[in-house]
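J.: coords please:
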Amino acid sequence: MTGKRIVIVGNGMVGHYYVEKLVALPQQFDITVIGAEPRPAYDRVHLSEVFSGKKPEDLALTSREHYQQLGVSAHFGDEVISINREAKTITTSTGRNFNYDKLILATGSYPYVPPIPGAEQPACLVYRTIDDLGRIRAESKNAKSAAVVGGGLLGLECANALQNLGLQTHVVEFANGLMNQQLDLRGSQLLRRLIEELDVRVHTGKATRRIAAGDDSRLKMEFADNSALETDLIVFSAGIRPNDNLAKSANLEIGERGGIVIDYHCRTSDSSIYAIGECALFGNKIYGLVAPGYRMADAALSQLTEEKVAFQGADMSTKLKLLGVDVGSIGDAKGNAENCCSFEYANEKTKIYKRINVSADGKQLLGAVLVGDCSDYDNLMQYYSNGLELPEQAETLILPSSSGAVTLNASALPLTATICSCHNVTKAQIVDLIDSGAVSLAAVKTETAASTGCGGCAALLKSVVDAELSMRGVEVNNHICEHFKFSRQELFHICKIESIQSFYVLLRKHGQGRGCDICKPTVASILASLWNDYVLEDKHVGLQDTNDTFLANMQKNGTYSVVPRIPGGEITPAKLGVIADVGKQFDLYTKITGGQRIDLFGARLNQLPEIWKILVDAGFETGHAYGKALRTVKSCVGNSWCRYGVQDSVSMAIFIENRYKGLRSPHKIKSAVSGCTRECAEAQSKDFGIIATERGWNLFVGGNGGMRPRHADLFATDLDDETLIKYIDRYLIFYIRTAARLQRTSVWLDNLEGGLDYLREVVIDDRLGIAAELEQQMQSLVGTYQCEWKTTINDAEKLKRFRQFVNSDADDTQILFVRERGQPRPANAEERKLMELTP
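T.: Purely as a prediction, here's the structure:
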């Protein structure tokens, strides 16, 4: 590759973002990335999730192979130790030299450890990298308790990680309140109360004087007020300091308290060297969030293009969930501005506190604090960031919706409004995309990456896209087809409330026309999810697609597959023998699938009842491979056999598959249970997956493989058996009730307003008050399960449909096979032609 030599030192989130944007430019560059850590860039924002089920590789943002494909020369585990500014070269710890035309310093920051005597002991650690997590995990094996020094964002995130390790966790903070930089006194007090209710003990106003050996624990923290705290492990997470030693040794300008001084183009005191992210000092300020680092990267990158971008500082507003508690902070959260006026809303019962600070004339929002409920954050953020004039009764912005709260309309936002702060996507960019032909939310997300960062802007993004499409005459509705002016969700509720159990009754009362291949299977699925009728009942005839009609998947040559259920992948030798005998008797192609079951291919329509009679008599049931229903629940061997297993994953998988078998839903559902975090069952790629922990089960939701893979999200941790099943019951029925037609759980969750947090509120917190109803509906479906093939083979009338020809019992001579690897397969076109010519 030819062009300017660009060297990026540091491969954290900001450094990686710069590389991704650089390779997308039309110019050609010779790009080199050098990272001090032994692994490529990963997501530090979700670091604590490694202690709740995720693997370190799940946090990866890139790979060596990906960089190679991009033409980027990448080197990891080799720290840059010097810069020769005159020669424009850098030298690494292994003695390698690299030349540059432009040098980008993205060296990030390091955790601050206060100068406390005793802080150098082995059980005193820091929380910053994946390697740090490894050391914390190793030390925690011999610990019962842990203390985090630092009650800010990083400290509380660290406390969450330690609690996930099963340790009694303490938070020790020098200031008088938690998140002292982001919250006012009342907000901090409520946050403390909510966190302490989660069994995290908080100690504020504590200055650690010395760390000594403990009497009953490994360590003792001695405070300046003569009190003490004994603990087995101490983790420092008391803020960050810029990693500026490399720049300092090269005589670049450094701030008085550290940080590489940059201008609004992110240039350092050397015009060939730029600094971005947490190592950079702009306006005497270090920006410790990812989004400002991305904006710095954009500004530095623009110096290589004709369209220059200036970095002029960044808003440090933030919305996050700390130990399960919603916390939001916007602008001047404490109301320090002169003559500002504040409005507060507090609800002791629901444990919610909200405050907005407005200008003296009441027209501008200056800042806000939200604790316990961040549902108003996006609305408030748009007023703040765009300088929009507040409504006359500004306090309605934080009052409950029943009190006349004002919600900002998407059409009222200016074109300059930032919709996604993670990826700096403005309303103007979205408008331009729609004008260029993007006519769906998915298309906008693909082009801009909006809402793929923290996901907090998902609802606002959808609102803007829908509003812009409507303004252009593009109909934005969720009707399933021309016969029903309702969404699938609305049809579900109509059928439930009115107890409608027939498509034709629904069509007569709420539809028009005769129905189609879209609405008929959709309604059939809804009715099955509600009433669990036998799918081949006369009143459902003509609604099903081919697969459901014949209780088998049609293959390319007109034959069908036979898929018996094998719960949890466990099968006896005797049952294996039955499947083998069926395969031999009917000469079926036999294949073990990724779902841990056995598929038999090549059965003719008229053979299906005979095959299933043999299987049902041997104790098999239908595997529902033909239906939009639960398919499989994979499992590893768990603690019954594996020396790493911590729970009985096989028994749990069998129980779950037997509980939810036959459950009809908007799309197919797959699950898996892993007996430990080694994750052999691949539970994190399923619609719902379970991973064993020492204290129970972690539940993941919304994953899938296929054409567009999605990693499942961690939903709840360390659940006992009863709670696990209760949450799955609620999750599945809520999905069945609210998803669109043919919508997988992954897409449903991505489009669910409020996303994962809202789903937790519905399923765990019972925010909608429907938890008992969801459980009752699931129990009704479980209690009315029937094996559809068992019912069918005992009904002579239903068996009549399983004939190749209506007026003949003969086989279809047009179905031709050839032999391959000792098994039959469908003949291709050339083979068929040759066979037809052969007497």
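
J.: Where does pLDDT dip in the stretch 651-800 of the chain?
T.: 706-708 (pLDDT under 70).

J.: Look at I330 and give its secondary structure.
T.: Using DSSP: H, G, I helix; E, B strand; the rest coil, the structure places I330 in strand.

J.: try the one 4 residues further on
T.: Secondary structure, three-state DSSP: K334 is coil.

J.: go on, E120?
T.: Quick answer, by three-state DSSP: E120 is coil.

J.: what do you get for the one 5 residues further on?
T.: On the three-state scheme (three-state DSSP), L125 is labelled strand.

J.: what pLDDT does it get?
T.: Here, the pLDDT recorded for L125 equals 95.

J.: what's the answer for the one 3 residues further on, then?
T.: The predicted local confidence for R128 comes out at a pLDDT of 90.

J.: Give me the spatial nearest neighbour of it, chain neighbours excluded.
T.: Excluding the flanking residues, the one nearest R128 by Cβ to Cβ, 6 or more residues apart in numbering is P111, at 4.7 Å. Backbone N, C-alpha and C define where each C-beta goes, glycine included.

J.: Next up, the contacts around the one you found.
T.: Contact analysis of P111 by Cβ atoms under 8 Å, 6 or more residues apart in numbering lists V126, Y127, R128, L154, F236, S237, A238, G239, I240, R241.

J.: Show me which of those are buried.
T.: By neighbour count, with 16 or more other Cβ atoms under 10 Å, the contacts of P111 hold V126, Y127, R128, L154, F236, S237, A238, G239, I240, R241 as buried.

J.: and the gap between the fourth one and I276?
T.: Put plainly, it is L154. Relative to I276, L154 is positioned 20 Å away (Cβ to Cβ, to the nearest Å).

J.: And for C495?
T.: C495 is 55 Å from I276, by Cβ to Cβ.

J.: more neighbours, those two?
T.: I276 (34 against 22; other Cβ atoms under 10 Å).

J.: hang on, the earlier thing: which pair in the buried ones among the contacts of P111 spans the largest distance?
T.: Greatest spatial distance in those: Y127 and R241, 14.3 Å, computed using Cβ to Cβ.

J.: picking up where we left off before, can you put the buried ones among the contacts of P111 in TSV and add secondary structure?
T.: Shown next, in TSV, are those (three-state DSSP):
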residue	secondary structure
V126	strand
Y127	coil
R128	coil
L154	helix
F236	strand
S237	coil
A238	coil
G239	coil
I240	strand
R241	strand
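
J.: Which parts of the stretch 351-500 of the chain are strands?
T.: Secondary structure of the stretch 351-500 of the chain by DSSP state E, counting those that start in this stretch: the strands cover 352-358, 365-371, 418-420, 425-426.

J.: Show the average pLDDT along the third one.
T.: Taken as a whole, strand 418-420 carries a mean pLDDT of 84.

J.: quick thing: my sequence starts at 46, can you match it?
T.: Will do, 46 is the new start, and the previous item becomes strand 463-465.

J.: Can you pull the poorly scored residue ranges out of the stretch 146-295 of the chain?
T.: In the stretch 146-295 of the chain, no residues with pLDDT under 70.

J.: and with 90 instead?
T.: For the stretch 146-295 of the chain, applying pLDDT under 90 flags the ranges 186-187, 197-199, 202, 205-206, 208-211, 225-227, 242-244, 283-284.
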